[in-house]
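Trainee: would you be able to build a 3D model of this:
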Amino acid sequence: MYQDGTIESFDKNGNRVAPKLKDKPEANSLIAKELVTRINKYIEKGLIVPQEYIDALPQKDLDAINKTHGLKLKKSK
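Mentor: Numbers count the residues shown, from 1 in each chain. Model (predicted):
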């Protein structure tokens, strides 16, 4: 990695290859704090919260969101 943040990738033979791009993070890979932030933004905008976010959230955080906003969000599992 260079100082300007660019990265060069090489294969096992030393040939330069294109770096692999990261995909958009799935709900399961987001940490609870990020999920809470995203869910709160959905609620504040009056949008439907994606069920995968609700399912990935720890129960204690889901309970706190329900109490704060007066909702009854439930996990599908």
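
Trainee: longest helix in this structure, by residue count?
Mentor: helix 32-44 (DSSP state H).

Trainee: I'd like the next helix or strand past that one.
Mentor: helix 51-56 (DSSP states H and E).

Trainee: just checking, what packs against that following helix?
Mentor: Under the contact definition 3 or more C-beta pairs under 8 Å, 6 or more residues apart in numbering; DSSP states H and E, helix 51-56 sits against helix 32-44. C-betas here are computed from N, CA, C, even on glycine.

Trainee: quick one: contacts of the helix it packs on?
Mentor: Residues from elsewhere that reach helix 32-44 (C-beta atoms under 8 Å, 6 or more residues apart in numbering): 27, 30, 48-50, 53-54, 56-58, 61, 64-65, 69, 71.

Trainee: what comes up buried for it?
Mentor: Across helix 32-44, burial judged by 16 or more other C-beta atoms under 10 Å covers 35-36, 38-39, 43.
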